[in-house]
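>>> Need coordinates for the following:
(one chain, ligands or ions: 1)
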Amino acid sequence: MRIEDSKLKAGLETLGVDLHSGTSLAELTSLGIGGTTDLLRITKHESIAHLISLLERHQVPYKFLGGGSNLLVGDGELPWVILQLAKPDPEIVLAGNLAHVDAAADLGRTVTYCAKHDLGGMEGLIGVPGTVGGALRMNAGAYGMQIGSYVREVKLYRAAERRIEILRGHEISFEYRHTSFAPDDMMLAVTLELPSKPFKEILQGIRICNEKRRSSQPLGQKSAGCIFKNPPGGSAGRMIDELGLKGLSVGDARVSDRHANFFVNAGYASAKDMLTLMSEVRGRVEKAFGVQLENEVVVWNS
Ligand SMILES: Cc1cc2nc3c(=O)[nH]c(=O)nc-3n(C[C@H](O)[C@H](O)[C@H](O)COP(=O)(O)OP(=O)(O)OC[C@H]3O[C@@H](n4cnc5c(N)ncnc54)[C@H](O)[C@@H]3O)c2cc1C
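Now for the predicted structure:
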């Protein structure tokens, strides 16, 4: 979708929104798949309510992009624009055991910055790409921990209320790759409460998690991490592996040879290729195990 209207363009400029026309989502997502649209980069959190009403007045649909590491975006010209927060400076402010972090901050950098200041707990998140906002939305986690456990409060734009609000951690439900935020809530910032730990000890935990990732995941290839959620008490990867589906391909979309729940773009895969592969694997797993796999990757296909 292209923003052509001059009044809308002027309105965006007034709100401190940078318009990047004709941006390729393939370049902004870790899967390297996705068509083209306009990208609106938001430099001032306070302008969000005005921005949303401006877009609604001009009937411009939008979606919210973090780091693009858990997304499968459709092909061709996309029927909505993309909103993304610009990175502020500083991204992280520490006060005792509290870390105030902007939603646009890189998750890995946040983990290491806190570690250097003897704040631990998030070692498992090292190697999870993307932003802190995306991690909150997805309740990112690994190796027995999840970001939600450390959330003291979240500053967010609540589309239903049309205003910025602060939610306390206990008001939010964080489950396995699922949160109680409304689909159109936008994370703006979070306060994490982290346990004190000596840097050396945190570093040791980080090294162990890095090693586990390196030995089991196709890290040099384009992917969105695990494509399906694990069913209760089971492992999507193990079921796919048991069916001998590693290496199964549709065009350049391929089930990784290294980790059966990582689907990789081995060249120039389209969204259609990837969706066909997902549907094929889901069908075979259901037939063999009677289990319906749910997407972990967020699909923006329309
Ligand atoms: C190699 C690799 C390894 C991975 N390993 C893990 C892992 O171990 N554990 C894990 O949980 N995940 C993992 N992932 C998946 C992914 O990195 C996480 O889900 C990550 O938290 C997504 O963050 P993002 O900023 O990239 O979000 P995006 O992919 O940009 O967006 C994901 C969803 O969050 C929404 N969103 C993003 N930012 C905001 C915001 N500020 N406000 C509201 N909504 C927002 C988007 O609209 C979308 O619905 C992995 C991915 C890769 C490529």
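
>>> give me the number of residues near Gly220?
8 (other C-beta atoms under 10 Å). C-betas here are computed from N, CA, C, even on glycine.

>>> got it, and Pro198?
11.

>>> Identify the residues contacting it.
Contacts for Pro198 (C-beta atoms under 8 Å, 6 or more residues apart in numbering) come out as Asp118.

>>> Check what pLDDT it gets.
Pro198 carries a pLDDT value of 97.

>>> Correct me if wrong: Arg177 contacts Met138.
Yes - look at Arg177 against Met138 with C-beta atoms under 8 Å: they come within range, at 5.7 Å.

>>> the more surrounded of these two?
Between Arg177 and Met138, Met138 has the larger neighbour count (other C-beta under 10 Å), namely 22 against 18.

>>> The ligand contacts on the chain?
30, 63-71, 103, 128-131, 133-135, 137-138, 140-142, 186-187, 223-225, 298 (C-beta under 6 Å from any ligand atom).

>>> Give me the buried entries from those.
Buried members of these, counted by 16 or more other C-beta atoms under 10 Å: 30, 63-71, 103, 128-131, 133-135, 137-138, 140-142, 186-187, 223-225.

>>> From Arg207, how far out is the residue of the stretch 201-302 of the chain found nearest the ligand?
Nearest residue of the stretch 201-302 of the chain to the ligand (C-beta to the nearest ligand atom) works out as Gly225 at 2.4 Å. Going from Gly225 to Arg207 by C-beta to C-beta, to the nearest Å gives 20 Å.

>>> Ok, Tyr176 next?
Tyr176 is 26 Å from Arg207, by C-beta to C-beta.

>>> Excluding covalently adjacent residues, which one is nearest to Met274?
Excluding its sequence neighbours, the residue lying closest to Met274 (C-beta to C-beta, 6 or more residues apart in numbering) is Ala253, at 4.2 Å.

>>> Number of residues surrounding that neighbour?
So Ala253, with other C-beta under 10 Å, has 27 neighbours.

>>> In this structure it contacts Glu280, no?
No - in this structure, Ala253 is not within contact of Glu280 by C-beta under 8 Å, at 9.9 Å.

>>> how many neighbours does the closest residue to Glu91 other than its chain neighbours have?
Excluding its sequence neighbours, the residue lying closest to Glu91 (C-beta to C-beta, 6+ apart) is Ala105, at 3.8 Å. By other C-beta under 10 Å, the residues close to Ala105 number 24.

>>> so what's Ala105 up against?
Neighbour list for Ala105: 87, 91-92, 131-132 [criterion: C-beta under 8 Å, 6+ apart].

>>> that older thread, can you give me every residue that contacts the residue of the stretch 201-302 of the chain closest to the ligand?
Counted by C-beta under 8 Å, 6+ apart, Gly225 has contacts 30, 69-70, 128-129, 262, 296-297.

>>> Likewise for Asp185?
With contacts defined as C-beta under 8 Å, 6+ apart, the neighbours of Asp185 are 156-159.

>>> ok, so of those, who is nearest the ligand?
Leu156 (7.1 Å).

>>> Helix or strand next in line after whichever helix or strand the closest one is part of, which one?
Using DSSP states H and E, Leu156 maps to strand 151-158. Following strand 151-158 in sequence order, the next helix or strand is strand 163-168 (DSSP H and E).

>>> the inter-axis angle of that following strand versus strand 151-158?
Taking axes from the mean of the first three to the mean of the last three C-alpha atoms, to 10 degrees, one finds strand 163-168 and strand 151-158 inclined to each other by 160 degrees.

>>> if you average pLDDT over strand 163-168, what comes out?
Averaged over strand 163-168, pLDDT sits at 96.

>>> State the pLDDT value of Phe289.
Looking at Phe289, its pLDDT reads 97.

>>> Report how many residues lie close to Ile52.
Ile52 is flanked by 17 other residues according to other C-beta under 10 Å.

>>> which one is His20 nearest to, not counting chain neighbours?
Leu39 (4.2 Å).

>>> same question, Glu13
Leaving aside its sequence neighbours, Glu13 sits nearest to Leu19 (C-beta to C-beta, 6+ apart; 7.9 Å).
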